[in-house]
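[1] Compute the structure for the input listed below.
(2 chains)
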2 protein chains.
Amino acid sequence: MAPPAAIEVEAMTDTQSISQSTPTTFPHKTESFYRRRAPTDNEPKSQWGTAAPATSAQFKHSSTKGKPLARRWDDLLTPETKARKGSTLKAAAGFLSRPGIVSLGGGLPSSSYFPFAQLSVTVPAPGAFSERETSQSGVQLSADKHSLQTGQSIFDISTGLNYGQGHGAAQLLRWVTEHTELVHAPPYADWGCNLTIGSTSAIDMALRMFCAPGDAVLAEAYTFPTFVEASRPMGLRTVGVPMDEQGLEPGAVDGILEHWNPAAHGGARKPRVLYTVPTGQNPTGATMGEERRRMIYEVCCKHDVYILEDEPYYFLQLPTYDADATTQTEKASSHADFLAGLIPSFLSMDVQGRVMRMDSFSKVIAPGSRVGWVTGSEQIMERYKTHVDCSTQGPSGFSQIVLFKLLEEHWGHGGYLDWCKYIRSEYTERRDVIVRACEKHLPRDIVSWVAPKAGMFHWMKVDWKKHPLAASWTHQEIEEQIFMAGVDHGSLVTCGSWFYADDDVEEEQMFFRATYAAAPFDQIDLAIQRFGEALRDVFGLQNQIEEL
Amino acid sequence: MAPPAAIEVEAMTDTQSISQSTPTTFPHKTESFYRRRAPTDNEPKSQWGTAAPATSAQFKHSSTKGKPLARRWDDLLTPETKARKGSTLKAAAGFLSRPGIVSLGGGLPSSSYFPFAQLSVTVPAPGAFSERETSQSGVQLSADKHSLQTGQSIFDISTGLNYGQGHGAAQLLRWVTEHTELVHAPPYADWGCNLTIGSTSAIDMALRMFCAPGDAVLAEAYTFPTFVEASRPMGLRTVGVPMDEQGLEPGAVDGILEHWNPAAHGGARKPRVLYTVPTGQNPTGATMGEERRRMIYEVCCKHDVYILEDEPYYFLQLPTYDADATTQTEKASSHADFLAGLIPSFLSMDVQGRVMRMDSFSKVIAPGSRVGWVTGSEQIMERYKTHVDCSTQGPSGFSQIVLFKLLEEHWGHGGYLDWCKYIRSEYTERRDVIVRACEKHLPRDIVSWVAPKAGMFHWMKVDWKKHPLAASWTHQEIEEQIFMAGVDHGSLVTCGSWFYADDDVEEEQMFFRATYAAAPFDQIDLAIQRFGEALRDVFGLQNQIEEL
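    The predicted model follows:
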């Protein structure tokens, strides 16, 4: 495969910040983009040091001229969040810039006592991404202990494995800030990023920032269970919004808010927060189109609702399923075409600073990295960082060093986009396998589905009213019978009811979720075949496939 | 340096669990200890798999026979904590043990898409621990992607970088469980460990588990600022307990609790939680002796107070300072002698399950590992794990793999204890350097100190009443003047007032904290000399040293 083309930056209209390139050069770096960085000579060296403070503002390339400032959220932030004070000790670190000062201030251990002289990972060369190719052409990336001091790199073991700031290492914060600007170009002036230890933590922290006990939070009617499991113990009510194949229905969001009756929701005031997974939603696989997103954003503006945009599957936007195509290969395209082909995010249409977007490396690099980032207005980012400082702290230094080596020094922005294209082409194939298996094995008169347009989940609707005992059995009894029949046939899927946002919902419809993320292709086919057999057993149908 | 002797396990009286050794053998493993593990043949292979559930109970060696069960804490746990339900999806994973079942259940990505074929670290050989030695004899440890599948290791990239359980990877949980048993041998039956992402997170989570808004929490009068910064936004009142050079005064704890008056504390009910750093306390450097700990434990039993034992400096217990000795070298001693020489922890005297101990690799391996662990009763560990699952998630997979390779496969328990001895010998030298610098440079008539017996902090008391303007200036004004004079002289220390547990304290005494953790020896000496000059300036004393 040819090396990726340099990334196109024409979409970014500001050219004033174009300046000399960074000193380290790698063949696959997207040179034109990197040249936009501030001149290295003007960079304060101290910005890469141990626990150096940083903000995205240092790393943004485009001009803020003419862009609006974010709305302030003082009326929304909880007392807990407002009460957070910055660390006195970290403030004292301000004196460290005095020339010649010797610090006996901070309790940071000497890196001489870190028992690691080198940290290495073997990773794919750009464009040769598969496990097989990596075994042949994989590249070893190494971090040494004192490369910052020797000038060989701006990040090393000595810095990365010491204490850090709540925003994460400046070195990686720069990369995610640039990536966010490249992909989403938030249309207001004072946006920024903050590294996270993953979106599960970001959800937990966002709920504590924006929701007081007794509050209600809107979400898709079927939603990510961990969001519900985090919310309820905090005393929050999760309120499900009706969905169609594009996810949240704007009219339904508007209706719920317009006619909010606290008495019907345990006294909860009208919701101020919406939690949503717009792309490849878990569990339904629903993906909002651009128009849908604009409508939802408008409704949120109308009712002054803050949006938590959880987007782990954003880069897993798949080409439309084609039943006749044998294989769908990723079309060769420029980075600009690739980005232009993605459905715009809420962040990209957020002129008010009304969105906190959560990105994660979990689905596109590895869940165990425990690294992601949030993007939002500077006010929100500052509060987030202050919370991190006295709770989770920043991400693991091992994770940050490895990701820096991979994303900044090896792949660069362009190489990472190529990787994302590779991953989505793999998921496209997996999606096609499961949909074809469903077409082949499932009884179409009782099961229906829409081929997923993103993500890793296939959502199957079962017409449970056709169950022989539908008149006397409950929804729950039939759902459980189907689930257990699946298990007994050797196929594990998950029940739709496990994903209810509301706890007192009376469900009319019945769904099962199957993921095509991990099983080998033949096993996906086998599991769907078995699930089909289980359904036929339960519904008293002939196992037609076998009898043809 | 000779290889470390095999670790003595005579202190552990149960011999029933002695069984065959693990299949992988490493020269420096503490064989007799490892032989106590359950026979490998009986180990369910699945216990090392992706997101495999585990508890410390699987890994404890000593018998629970005759040991009491922990007290239940239902009366203490907050509504938030009690409301947590386990994950439905993770419960469904129970069906995965069915033979032949194919799972389309969990949304775990395939490890084929993790862009890492190998992860390596270069670390010290056992006994050759310094940076210089490591550059000569360092050993490279490598994790491959599929070693679990191929039988070469029980942990690999494929497993470590996927999603995990809230208790952390079973592979590392086993190591910390064994280490805890070896060092603390908790005297009740149902104790366990849970990995953390560091003790800052453990403090945050413990406060949410045990303290409701409006509650008061006891702590040392001068305490870890992050504890205060985490507590106050939650609506908690931190109440400082008077200290002497051994830290918390038992009579003072008893007195505060005995005569608790809610009206004097904003209506807070009598405290149920004590937060303490018993060893090398931050900021005072105070270390409780064994007798002191027993007295504090007794007072806590009397008033039914739960103890949060935060012990990052536990292995930095230093030999008594000897002004006449030129250097103090770590005496060669067996592992058993080393352990017997440590002051027993609260955990080791906890017959009631009244203690949640927080251990951390931050001060003895590297802060950036973001890995530590908590130890407490099974009830508390189960609640902790359930909270982790919907907030922080377990530690970074990179961190866990590296620590597993280092601690389990390379150093073993004995090698790690040798490393701790090495680290404490380094801190002993550093402590000696700062105390000698103080003896040499500070004006003894206004500054006094007790040489620290543990940790990384030196606490200096300044007799501010001798300040020329003591009659008209406030404590705060004089403290600030001294701090700024230090900065102006090129020496940064921290002010005692930054560490107040109470926010409305009227301080009689004045302290400054200096850390000897990181600066080179000559710089420590220089900074103390400058601080002495600053003090003489402020107090109008001759700069005697220079004039001698």
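[2] So which residues of the stretch 1-150 of chain A form helices?
    Secondary structure of the stretch 1-150 of chain A (DSSP state H, counting those that start in this stretch): helices at A:31-34, A:79-83, A:88-92, A:131-137, A:147-150.
[3] looking at these, which is buried most?
    helix A:31-34 (a mean of 19; mean count of other CB atoms under 10 Å in any protein chain shown). C-beta here means a position set from N, CA and C on the backbone, and glycine is covered the same way.
[4] which parts of the stretch 201-350 of chain A sit against chain B?
    Selection of the stretch 201-350 of chain A residues close to chain B by CB under 8 Å from any CB of the partner chain yields A:Ser201, A:Asp204, A:Pro225, A:Thr226, A:Glu229, A:Ala230, A:Arg232, A:Pro233, A:Met234, A:Gly235, A:Asn282.
[5] which ones among the residues you listed are found in helices?
    In helices, defined here by DSSP state H, the members of those are A:Ser201, A:Asp204, A:Pro225, A:Thr226, A:Glu229, A:Ala230.
[6] Just give me the closest of those residues to A:His179.
    Nearest to A:His179 among those, counting by CB to CB, is A:Ser201 at 19.8 Å.
[7] for the spatially closest residue to A:Gly235 that is not a sequence neighbour, helix, strand, or coil?
    Leaving out its chain neighbours, the residue that sits closest to A:Gly235 by CB to CB, 6 or more residues apart in numbering or on different chains is A:Pro213, at 3.3 Å. Applying DSSP: H, G, I helix; E, B strand; the rest coil to A:Pro213 yields a three-state assignment of coil.
[8] ok, how many other residues are close to A:Pro213?
    12 (other CB atoms under 10 Å in any protein chain shown).
[9] Need the helices of the stretch 1-150 of chain A in TSV (columns: distance to chain B).
    Below are those laid out as TSV (distance: least, CB to the nearest CB, whole Å):
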stretch	distance to chain B
helix A:31-34	21
helix A:79-83	4
helix A:88-92	5
helix A:131-137	5
helix A:147-150	13
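[10] could you redo the ones you listed as TSV and give each row mean pLDDT?
    Shown next, in TSV, are the helices of the stretch 1-150 of chain A (pLDDT from 0 to 100):
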stretch	mean pLDDT
helix A:31-34	56
helix A:79-83	97
helix A:88-92	77
helix A:131-137	97
helix A:147-150	94
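[11] can you put the ones you listed in JSON lines and add distance to A:Val305?
    JSON lines is the format used below for the helices of the stretch 1-150 of chain A (distance: least, CB to CB, whole Å):
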{"stretch": "helix A:31-34", "distance to A:Val305": "35"}
{"stretch": "helix A:79-83", "distance to A:Val305": "18"}
{"stretch": "helix A:88-92", "distance to A:Val305": "34"}
{"stretch": "helix A:131-137", "distance to A:Val305": "44"}
{"stretch": "helix A:147-150", "distance to A:Val305": "44"}
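[12] Go through these and name the closest to B:Leu89.
    helix A:131-137 (27.2 Å).
[13] In the record's domain split, what are the boundaries for chain A?
    Residue ranges for the domains of chain A, per automatic domain parsing: A:157-424, A:431-547.
[14] what's the closest of the ones you listed to B:Arg354?
    domain A:157-424 (24.0 Å).
[15] Distance from the chain centre to that closest one, please.
    5 Å (CA atoms, centre = their mean, to the nearest Å).
[16] Quick check: end-to-end length of it?
    One end of domain A:157-424 to the other measures 33 Å (CA to CA, to the nearest Å).
[17] Quick check: mean pLDDT of that domain?
    In this model, domain A:157-424 has a mean pLDDT of 96.
[18] The spatially most central residue of chain A in helix, strand or coil?
    Nearest to the geometric centre of chain A sits A:Pro312, at 2.5 Å (CA atoms, centre = their mean). Three-state assignment for A:Pro312 (three-state DSSP): coil.
[19] repeat for A:Leu535
    Going by three-state DSSP: A:Leu535 is helix.
[20] Run a quick neighbour tally on the nearest residue to it once chain neighbours are set aside.
    Distance criterion CB to CB, 6+ apart; nearest residue to A:Leu535, sequence neighbours excluded, is A:Pro443 at 5.9 Å. The number of residues packed near A:Pro443 is 19, by other CB under 10 Å.
[21] Would you mind confirming that A:Pro443 makes contact with A:Asp537?
    No: using CB atoms under 8 Å, A:Pro443 is not in contact with A:Asp537, being 10.7 Å away.
[22] show me where the stretch 351-500 of chain A has helices.
    Under DSSP H, counting those that start in this stretch, the stretch 351-500 of chain A gives helices at A:378-389, A:397-403, A:412-441, A:475-488.
[23] ok, A:Phe227 - contacts?
    A:Ile203, A:Ala219, A:Thr238, A:Tyr275, A:Asp310 (CB atoms under 8 Å, 6 or more residues apart in numbering or on different chains).
[24] what's around the residue nearest to A:Asp190 when sequence neighbours are not counted, how many residues?
    Nearest residue to A:Asp190, sequence neighbours excluded (CB to CB, 6+ apart): A:Glu378, at 4.5 Å. As a burial measure, A:Glu378 scores 17 neighbours (other CB under 10 Å).
[25] And for A:Ser158?
    23.
[26] Quick check: it touching A:Gln149?
    Yes: if you go by CB under 8 Å, A:Ser158 and A:Gln149 touch, sitting 7.3 Å apart.
[27] Let me know the next secondary structure element after the host helix or strand of A:Thr238.
    Element membership of A:Thr238, judged by DSSP states H and E, is strand A:237-241. Next in sequence after strand A:237-241, counting helices and strands by DSSP H and E, comes strand A:243-244.
[28] Enumerate every residue touching the closest residue to A:Trp373 other than its chain neighbours.
    Leaving aside its sequence neighbours, A:Trp373 sits nearest to A:Val176 (CB to CB, 6+ apart; 4.6 Å). The contact partners of A:Val176, taken as CB under 8 Å, 6+ apart, are A:Cys193, A:Leu195, A:Asp359, A:Trp373.
[29] now do A:Phe398
    A:Leu119, A:Gly160, A:Leu161, B:Gly368, B:Ser369, B:Ser396, B:Phe398, B:Ser399, B:Val402.
[30] one more time with 6 Å, if that's ok
    Contacts here follow CB atoms under 6 Å, 6 or more residues apart in numbering or on different chains; on that basis A:Phe398 touches B:Phe398, B:Ser399, B:Val402.
[31] Same question for A:Pro68.
    So A:Pro68 contacts A:Tyr188, A:Val351 (CB under 6 Å, 6+ apart).
[32] Now A:Tyr321: phi and psi?
    phi -60, psi 130 (degrees, to the nearest 10).
[33] residues near it, how many?
    If we define neighbours as other CB under 10 Å, then A:Tyr321 has 16 of them.
[34] Wait, it touches A:Ala451, no?
    Yes: between A:Tyr321 and A:Ala451 there is a contact under CB atoms under 6 Å: 3.4 Å.
[35] Please identify every residue contacting each of those two.
    With CB under 6 Å, 6+ apart as the test, A:Tyr321 and A:Ala451 both reach A:Val435.
[36] now A:Glu298, what's its secondary structure?
    helix.
[37] show me what contacts the closest residue to it other than its chain neighbours?
    Of all residues not flanking A:Glu298 in the chain, A:Pro250 sits nearest, at 7.6 Å (CB to CB, 6+ apart). Going by CB under 6 Å, 6+ apart, A:Pro250 touches A:Met295, A:Ile296, A:Val299.
[38] need the residues of the stretch 1-150 of chain A near chain B, please.
    Contacts of the stretch 1-150 of chain A with chain B, taken as CB under 6 Å from any CB of the partner chain, map to A:80, A:83-84, A:88-89, A:95, A:100-105, A:107-110, A:112-124, A:131, A:134, A:138.
[39] Filter these down to just the buried residues.
    A:80, A:84, A:89, A:95, A:101-105, A:107-110, A:113-124, A:131, A:134, A:138 (16 or more other CB atoms under 10 Å in any protein chain shown).
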